[in-house]
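K.L.:
dropping a prediction and its sequence here:
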Amino acid sequence: MARAGPLLTEAQWKKIAPLLPKPRKHRKGGRPWIENRRVLEGILWILRSGARWQDMPEKYPHPSTCWRRLRDWDEQGVWLNIWRAFLSELNERQQLKWSESFLDGSFAPAKKGARKSEKPSGARGRSGWWWSTAAELRQKPLRVIADKGYDSDALRRRLRRRGILLIAPHRSNRHRTPPQDGRVLRRYKRRWTVERTFAWLGNFRRLVVRYDRSLQIYRAFFHIACFMIVLRRVVQ
């Protein structure tokens, strides 16, 4: 069996550390602040292994400390902002291709009391967190590539009004003439990009099945997984 590598390398931590909140100082003493790196490594252990919080090894901080930091920093937008920061760095290096985007969906079963869906509160709705992934786009793509499940004339018209071309194979039961030919559909061969991304996310076992009752915690884990994937390209 291959040995697992370190959860964080020194080079990766140097990139993450400045983006995390600084330790709080209490005037009347109180418990000392647990180092950010130790807490993040504990969170990453849960994210990668998919284990229960109570099964966290003793070398990491207490599970409740890691859980609270995970929740609080999600509420503050820390995890999402780290992801955006690393994407911006790749963009400055011209390593992102904004002309094409790929559309697909993936589902994780909810277990042990976790709600299968959750209606966002007013504050969350205004912040648009349901679409945080799509919000990463800093530039309007020229093309959106998706599978045949998205083959809809209405969707094509909506995107066309925004100057975006939808490339998707035609459904066999469509009634109208297909709007694009095989030359355009050749770009569909690059749809492996989104499938590869799902495979990368699947390496973070905590995302495969949602055991947390709160959808917020699952979202926090998702944002951490995303910035860790991007970080591998920032630090090579």
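P.N.:
Sure, I can see it.
K.L.:
ok, which stretches of the chain are helices?
P.N.:
Remark: helices assigned in the chain by DSSP state H are 10-16, 36-49, 63-75, 78-92, 122-127, 153-161, 182-185, 192-202, 215-234.
K.L.:
ok, and what's touching the longest one?
P.N.:
Looking back up the chat, that one is helix 215-234. Residues from elsewhere that reach helix 215-234 (C-beta atoms under 8 Å, 6 or more residues apart in numbering): 12, 15-16, 43-44, 46-47, 67, 70-71, 73-75, 79-80, 82-83, 86-87, 89-90, 95, 108, 114-115, 117-118, 129, 132-133, 197, 200-201, 204, 206-207, 210, 212. (C-beta placed from N, C-alpha, C; glycine too.)
K.L.:
to what extent is Gly77 buried, counted in neighbours?
P.N.:
Neighbour count of Gly77, defined by other C-beta atoms under 10 Å: 14.
K.L.:
and the closest residue to Phe227 other than its chain neighbours, how far is that from Arg93?
P.N.:
Once flanking residues are discounted, Phe227 sits nearest to Trp83: 4.0 Å by C-beta to C-beta, 6 or more residues apart in numbering. Separation of Trp83 from Arg93 (C-beta to C-beta, to the nearest Å) stands at 16 Å.
K.L.:
between those two, who's got more neighbours?
P.N.:
With neighbours defined as other C-beta under 10 Å, Trp83 and Arg93 compare such that Trp83 has more, 24 against 10.
K.L.:
and that one, what pLDDT?
P.N.:
Per-residue pLDDT puts Trp83 at 95.
K.L.:
same question for Ile34.
P.N.:
Ile34 is given a pLDDT of 90.
K.L.:
what about it, neighbour count?
P.N.:
16.
K.L.:
do I have it right that it meets Arg68?
P.N.:
No - with contact defined as C-beta atoms under 8 Å, Ile34 and Arg68 do not form a contacting pair (10.3 Å).
K.L.:
helices and strands of the chain: which one has the lowest mean pLDDT?
P.N.:
When each helix and strand of the chain is scored by mean pLDDT, DSSP states H and E, helix 122-127 comes last, with a mean of 38.
K.L.:
picking that back up, could I get the helices of the chain as a markdown table with distance to Leu142?
P.N.:
Formatted as a markdown table, the helices of the chain follow (distance: least, C-beta to C-beta, whole Å):
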| stretch | distance to Leu142 |
| --- | --- |
| helix 10-16 | 31 |
| helix 36-49 | 34 |
| helix 63-75 | 33 |
| helix 78-92 | 16 |
| helix 122-127 | 28 |
| helix 153-161 | 11 |
| helix 182-185 | 12 |
| helix 192-202 | 16 |
| helix 215-234 | 22 |
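K.L.:
worst average pLDDT in those helices?
P.N.:
helix 122-127 (a mean of 38).
K.L.:
residues near Asn203, how many?
P.N.:
Using other C-beta under 10 Å: Asn203 sits among 13 other residues.
K.L.:
now it: closest residue in space that isn't a chain neighbour?
P.N.:
Asn203's closest residue in space is Arg48 (C-beta to C-beta, 6+ apart), at 7.4 Å.
K.L.:
just Ile46 next, same as before
P.N.:
Arg206 (5.9 Å).
K.L.:
measure that neighbour to Arg187 for me?
P.N.:
For Arg206 relative to Arg187 (C-beta to C-beta), the value is 34 Å.
K.L.:
how about Pro23?
P.N.:
Counting by C-beta to C-beta, the gap from Pro23 to Arg187 is 49 Å.
K.L.:
who has more neighbours, these two?
P.N.:
More neighbours surround Arg187 than the other of Pro23 and Arg187, with 14 against 11 (other C-beta under 10 Å).
K.L.:
tell me the pLDDT of the more buried one.
P.N.:
We have a pLDDT of 78 for Arg187.
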